[in-house]
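>>> have a look at this prediction, sequence included:
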Amino acid sequence: MKVIIVGGVAGGASAAARIRRLDETADITVYEKSGYISYANCGLPYFIGDVIKDPDALTLQTPESFWSRFRVVMKVHHEVVSIQPDTKTVRIRNLESGEEFTDSYDKLILSPGARPMKPDLPGISSGKIFTLRTVEDTFRLKDYLREQSPRSAVIAGGGFIGVELAENLKEAGLKVTVVEMMKQLMTPFDPEMAAFIHAEMRKQGISLELGSAIEGFEETETGIRVLLRGKESIEADLAVLAVGVVPDTALAQQAGLRQGIKGSIVVNDRMETSVPDIYAVGDAVQGKHFVTGQDSLIALAGPANKQGRIAADNICGLDSRYRGSQGSSVLKIFDLTAAATGLNENSALRAGIAADKVILSPMSHAGYYPGGKVMTIKVVFEKDTFRLLGAQIIGYEGVDKRIDVLATAIRAEMKATELKDLDLSYAPPYSSAKDPVNMAGFMIDNLANGTLKQWFVEQDADLPRDGSVILLDTRTPKEYGRGHAEGFVNIPVDELRERLGEIETGKPVYVMCQSGLRSYIACRILAGYGFECYNFAGGYRFYDAVRNDRALIEASLPCGADQ
């Protein structure tokens, strides 16, 4: 059996190694148009910031090491320029010599990945504008930093690469501005959760231009001018485009393969394309979202590697199926860790799912053990059925552990109420006897049985301040004095029973505390005396962070922008 693989990074390299493990006699050739195979794309920003110092560490394998271990022929600087499905041949160009030749296959795997989006804007071809997708891109930017000693940079785009690169350029000593057309960074997170990401980046000295559109670029004698719609331009020594990626599928289109979202390659759950004996994997393919079942594009390394293995299994006679992606991800932002899995609230609503949520702010480990830090957790689930849909966590310690528990629970198709039953490890340095994931389950169970009713930050503007409802802050007077929501009166929870006479009967009570725990206890007390009570989701710490972030964003929007 002769197998040709187009693309030798995540999916392609995984497929090649798996085929060899299953079939020692297969003839396997990989054509890769860049100069590197099996490289750590996710590590590229950290090479820019000198966290990873050795350039060889970026490449997990070389053509020589791949041949030595797997007897797979890796041809770098070779681009497949056309596919002839009827003759089962491909046309290849040697990018170093310009020579073209034809090769044949029994099975073909396409793993071309995605390419950076490069919008058609004036000045976009400037040599002072960079992208960061390949090892060559990284070396080009690194050489520029070393040779030109720039002092400032503008990053266009606030996704994974944009945020990671902002941190690493800042650590390299540059003044950094991130420009993002959306009103938030990191769209896997709902806006109120992204507020914590924004706060950390501002704290570290990074300027954020959110809700700002770039109209073009102009080279200056000393650098680049970034033109913004309705706002003053930004002067910098360099700019980086990180506005997203699109499937690199021109080859597949030429071959007549069925196309999907953004020109992606449509595959079935065996990674087979619409043309017999041609498979496709990785960032170029359209897959199913595990939670919604809808077609989606999820450009992450984990799915690409799994898909490469599945394609290889099926080529070698096994029956492997890809059940879909749920977009599990984790991101370092200076001292902060942000992680997400499944659907956020906005994406659930766009998918037509009636979603509910809980927001909590537990400690990373037992409060009596030194060093614990607060994390913010948002768990999204389907109303009525309590199907677990997704989760987002932002904090400093233990974030990755909890998001992986929640990702596993989603994959196991657990109900959100069942999170309370998970038997999770506990020792004071690592967790609490009631782990934060269990706590989320307790809250959702309380919603299910009617013990808890909530109100949310997005309802604050419409909350009556005319006396028709009771607004109650149950923190200590000292906490209340440092800041409180408009119109809320202060009765500490431990004084509530003795001061019930101060709360007018017959009116609903909206309660807030620092994290949501004391206000929940207050609601249970009030419910015991016949009051209808709603607990604020997330607590005042959450409320304050979200409100401050929104005020900063709205104040910086271009004149006339939709606010």
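Now that the structure is in, tell me what you want to look at.
>>> only C-alpha atoms for contact and neighbour calcs from this point on.
Will do.
>>> per-residue pLDDT, the residue lying closest to H365 once chain neighbours are set aside?
Nearest residue to H365, sequence neighbours excluded (C-alpha to C-alpha, 6 or more residues apart in numbering): S431, at 3.8 Å. As predicted, S431 sits at a pLDDT of 91.
>>> check A40 too.
69.
>>> ditto for I92
98.
>>> do I have it right that it meets E100?
Yes. Under the criterion of C-alpha atoms under 8 Å, I92 makes contact with E100 at 5.5 Å.
>>> more neighbours, these two?
I92 (20 against 14; other C-alpha atoms under 10 Å).
>>> and the gap between that one and D86?
17 Å (C-alpha to C-alpha, to the nearest Å).
>>> report the buried residues of the longest helix along the chain.
For the chain, the helix with the greatest residue count under DSSP state H is helix 539-556. Neighbour-count burial for helix 539-556 flags 539-543, 545-547, 549-550, 553 (criterion: 16 or more other C-alpha atoms under 10 Å).
>>> which strands or helices does it pack on?
Contacts defined by 3 or more C-alpha pairs under 8 Å, 6 or more residues apart in numbering; DSSP states H and E place helix 539-556 against helix 191-203, strand 207-210.
>>> try it again with 7 Å
helix 191-203 (3 or more C-alpha pairs under 7 Å, 6 or more residues apart in numbering; DSSP states H and E).
>>> how far off helix 539-556 does the helix it packs on point, in degrees?
70 degrees (axes from the mean of the first three to the mean of the last three C-alpha atoms, to 10 degrees).
>>> just the C-alphas of helix 191-203, formatted as PDB.
In PDB, the C-alpha atoms belonging to helix 191-203 read as follows (Å, rounded to 0.1, in the frame of the first residue of the first chain):
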ATOM      1  CA  PRO A 191     -17.900  38.900  27.500                       C
ATOM      2  CA  GLU A 192     -18.200  39.100  31.300                       C
ATOM      3  CA  MET A 193     -15.600  36.300  31.700                       C
ATOM      4  CA  ALA A 194     -13.300  38.000  29.200                       C
ATOM      5  CA  ALA A 195     -13.300  41.100  31.500                       C
ATOM      6  CA  PHE A 196     -10.800  39.300  33.700                       C
ATOM      7  CA  ILE A 197      -8.500  38.700  30.700                       C
ATOM      8  CA  HIS A 198      -8.800  42.400  29.800                       C
ATOM      9  CA  ALA A 199      -8.000  43.400  33.400                       C
ATOM     10  CA  GLU A 200      -4.800  41.300  33.600                       C
ATOM     11  CA  MET A 201      -3.500  42.600  30.300                       C
ATOM     12  CA  ARG A 202      -4.200  46.200  31.200                       C
ATOM     13  CA  LYS A 203      -2.500  45.500  34.600                       C
END
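>>> buried residues in it?
191-199, 201.
>>> can you put those in CSV and add distance to G390 and pLDDT?
Below are these laid out as CSV (distance: C-alpha to C-alpha, whole Å; pLDDT from 0 to 100):
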residue, distance to G390, pLDDT
P191, 15, 97
E192, 15, 97
M193, 13, 97
A194, 15, 98
A195, 18, 97
F196, 18, 97
I197, 19, 98
H198, 21, 98
A199, 23, 97
M201, 25, 97
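>>> so where's the stretch 51-200 of the chain shaky on pLDDT?
Judged against pLDDT under 70, the stretch 51-200 of the chain has no low-scoring part.
>>> now the helices: where do they sit in it?
Applying DSSP state H, counting those that start in this stretch to the stretch 51-200 of the chain gives helices spanning 63-70, 135-148, 160-171, 191-203.
>>> tell me the most buried of those?
helix 160-171 (a mean of 23; mean count of other C-alpha atoms under 10 Å).
>>> show me what that helix is packed up against.
Looks like helix 160-171 contacts helix 44-48 (3+ C-alpha pairs under 7 Å, 6+ apart).
>>> touching the helix it packs on from outside, list them.
52-53, 138, 142, 164-165, 168 (C-alpha atoms under 7 Å, 6 or more residues apart in numbering).
>>> off-centre distance for that helix?
Centroid separation for helix 44-48 versus its chain: 18 Å, with C-alpha atoms, centre = their mean, to the nearest Å.
>>> keeping just the C-alphas, turn it into CSV.
Taking C-alpha atoms only, helix 44-48 is exported to CSV below (Å, rounded to 0.1, in the frame of the first residue of the first chain):
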residue,chain,number,x,y,z
LEU,A,44,5.9,29.8,18.5
PRO,A,45,4.9,32.9,20.6
TYR,A,46,7.1,31.6,23.5
PHE,A,47,10.1,31.5,21.2
ILE,A,48,9.5,35.1,20.4
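>>> many thanks, I have nothing further to ask.
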